[in-house]
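Asks: Build me a structure from this.
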Amino acid sequence: MDSWRPNPRAQPFVPRRQHSPFTVRGTYQRVTTRRIISKFFQTVLVGVLLMTVIINILFIADTGRRLREAQFEANAEEELAADARDLDNDIISSLPNEIEIEITSSANKVAVSVEGTPILENEEKDKGRGIHILVLNQGTGSVMAQRVFDTYTAHEDAAMVLFLNMVSSGRIIIFAIKDEGTFQLKQSARALLKNLGSTEAEVVGWRDTWAFVTQKQKKHGHPFAEMHNKAPDLTSWGAPTLLKTKVPLATKEDSECNWPDTEANQRRHEFCSKIEGYGSLCSCEDPAPIELKPEPLNPNHVRDVPVVIIASDRPNYLYRMLRSLLSAHGVNPKMVTVFIDGYFEEPLEVVKLFGLKGIQHTPIGVKNARISQHYKASLTATFNMYPNAQYAIIIEEDLDVSEDFFSYFSQTVHLLEEDDSLYCISAWNDQGYDNTCDDPALLYRIETMPGLGWLLKRKLYKEELEPKWPTPEKLWDWDMWMRLPEIRKGRECVIPDISRTYHFGAKGINMNGYFQDLYFKKRPYNTVPHVKLKDVQKLTKDNYEDEVNRLLSQASVLDHSIPPCEERFVPDTIGKTYVMYIQMYNEQDYETWSVLAKCFHIWDLDVRGFHKAMWRMFLKKNPVFIVGYPASPYSKYKPSEVTPIYLKKDDKKDNKS
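Replies: Residues are numbered from 1 along each chain as shown. Predicted structure coming up:
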């Protein structure tokens, strides 16, 4: 230290002062900010890791809980299934081994009770005449079908035979007469009752009372009891019959079919366990298919067009019609809806059997007004359900349809869009009988509205028909109303020469067996598949006129000196076009036509199927034009030497055609 000397050039030492970090703006501030940000992200990362751990813990816990719940539910379902089996076994074991049946048959009352519980009682005056039939399940004794056949009137015995033949083997069948049930009971019906075990069927007579219980066994029967009281004379009834008997019940295994477990057979089992009278549908050995798989249609211009089924309480008719419809080429079951007028159980069960949509609604009005309101409600509901549908196909429950039903509409639907002079496309020809139609590819235009399977345009219904539809107090037929000039407004319908529907219903408000036989039975409907319709574009208004004029200008005039009701009136040619002229002073003068329609055996109750006072049909396989002179504009083709045929309404001509 003694040797140390100060440097004279050195700067004096000044101590550094401490500054607050909040007042420093330099490197220290930047370093501190980075540390803060780093600490923040570290904290966030730790938080995320903690949340991930928590979520995983919760997920594992929830999965364990769900597995425990699933196991619990599975165990519970097994327990419920076991309980259900035990309950079924308890119910089956609790069922009686036999049931007691009591039947009353008399002039004014018929009644049936099972184990003291009334299942049929009819003593209403002037109603329920004929043979009452009940079908019971042989395993449970429950009622599966109930029918009454007024065998005092014609054709009812045939309907009864058909029904009994459709009942499955093994069922218990109960018969009882109210009032009178034998006047039209023909030998074939009596023979069937005898086969079912009746010893009195061939002798039960006018106003007798009769009760009978049997069990069907294939085409025969095992009788349990029968009682018959003869009427003392033609003006009196037999004494009331009171029959009591006990019938043994079968086991569940013996009374149910063991069909393969498919979705369709589940529907079949549900139906067949409670409803009877549908023949092979419920056969254990060879059941009729309910999943019908017809050929597709390509192109199909009506695939997305709603199909409206107008139905009531005629379930057997509905069953037959649906089988026919669902067998038609190009059918789209998803677009089919069955509208049932009333809350009837069996028709709805038929709908469910085929896996279709069914809608029931409350009836409005009576008789014809009720039918009219049913149509309106069904059409309105359809266009509401399918707001994008521009058309609807309407068909009744008592119609068969041809294989090419949808093909027919697919080939003609565009006409409604192209031609404002068209009112509808119909599958039905009012004048299409065995002797008056021949060509499945030929189409006509007519001024009347046939119905019975037809295509309706949405615009027509929503803008014109729906607002003006007859109200419930008006007892009008909806189709007659649609034919009124102020409603039709000069428009026409397109129809086929050979119908695409067949009317088989013999029961209804406006229908009976006699009427069906006279006006509907002898009508063909097309059975030729894949028919390509002829000259569809010639059905537009102007084109059709050109075609009709062309055909008439080339037609041969029939010999008007020969009575038209005689066989020789139309020559024995095939495919030659003829024309005849009948007296018709104006569009309302149908005197000659009405007589001619009778001798041709075609529709004669009112005037249908005409176009400008002209009718078209086939006679002896020849196309024939019938022109009303001078009312029709086609009268211009009549040769001057030809005198129009005139027939009086009271003419009694031999009908040989």
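
Asks: From residue 481, how far off is residue 312?
Replies: Using C-beta to C-beta, to the nearest Å, one gets 19 Å for the distance from residue 312 to residue 481. Just so you know, the C-beta spots here come from the backbone N, C-alpha and C atoms, and that holds for glycine as well.

Asks: try residue 138
Replies: 49 Å.

Asks: Those two: who's more crowded?
Replies: Of the pair residue 138 and residue 481, residue 138 is the one with more neighbours under other C-beta atoms under 10 Å, namely 22 against 19.

Asks: Wait, that one touches residue 171, no?
Replies: Yes - counting by C-beta atoms under 8 Å, residue 138 touches residue 171, with 5.9 Å between them.

Asks: Quick check: neighbours shared by the two?
Replies: With contacts taken as C-beta atoms under 8 Å, 6 or more residues apart in numbering, the residues that reach both residue 138 and residue 171 are residue 215.

Asks: can you count the residues close to residue 333?
Replies: Using other C-beta under 10 Å, residue 333 has 15 neighbouring residues.

Asks: Next up, the contacts around it.
Replies: By C-beta under 8 Å, 6+ apart, the residues touching residue 333 are 326, 354-356.

Asks: Most neighbours out of those, which is it?
Replies: residue 354 (22 neighbours).

Asks: Can you name the residues that contact it?
Replies: 267, 290, 322, 326, 333.

Asks: Residue 650: which of the residues you listed is nearest?
Replies: residue 322 (45.9 Å; C-beta to C-beta).

Asks: which one is the closest one nearest to, not counting chain neighbours?
Replies: Nearest residue to residue 322, sequence neighbours excluded (C-beta to C-beta, 6 or more residues apart in numbering): residue 354, at 5.4 Å.

Asks: Quick one: mean pLDDT over the strand or helix carrying residue 543.
Replies: Using DSSP states H and E, residue 543 sits in helix 541-554. In this model, helix 541-554 has a mean pLDDT of 98.

Asks: Run through the neighbouring helices and strands of that helix.
Replies: Applying 3 or more C-beta pairs under 8 Å, 6 or more residues apart in numbering; DSSP states H and E, one finds that helix 541-554 contacts strand 622-630.

Asks: Check the offset of the strand it packs on from the chain's centre.
Replies: Mean-position distance between strand 622-630 and its chain equals 37 Å (C-alpha atoms, centre = their mean, to the nearest Å).

Asks: got the angle between that strand and helix 541-554?
Replies: 100 degrees (axes from the mean of the first three to the mean of the last three C-alpha atoms, to 10 degrees).

Asks: got the CA coordinates for strand 622-630 in PDB?
Replies: What follows is strand 622-630 as a C-alpha-only set of coordinates in PDB (Å, rounded to 0.1, in the frame of the first residue of the first chain):
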ATOM      1  CA  ASN A 622    -115.200 -55.000 -84.400                       C
ATOM      2  CA  PRO A 623    -114.800 -51.300 -83.400                       C
ATOM      3  CA  VAL A 624    -118.200 -49.600 -83.700                       C
ATOM      4  CA  PHE A 625    -119.200 -45.900 -83.600                       C
ATOM      5  CA  ILE A 626    -122.800 -45.100 -82.500                       C
ATOM      6  CA  VAL A 627    -123.600 -41.600 -83.600                       C
ATOM      7  CA  GLY A 628    -126.700 -39.700 -82.300                       C
ATOM      8  CA  TYR A 629    -128.400 -38.000 -85.300                       C
ATOM      9  CA  PRO A 630    -128.600 -35.000 -85.700                       C
END
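
Asks: pLDDT averaged over it - what is it?
Replies: 98.

Asks: What strands flank that strand, and is each parallel or antiparallel?
Replies: Looking at strand 622-630 with DSSP bridges, its partner strands are strand 578-584 (parallel), strand 614-619 (antiparallel).

Asks: contacts for that strand?
Replies: For strand 622-630, using C-beta under 8 Å, 6+ apart, the contacting residues are 439, 551-552, 555, 558, 570-571, 573-585, 589, 593, 596, 610, 613-618, 634-635, 637-638, 644.
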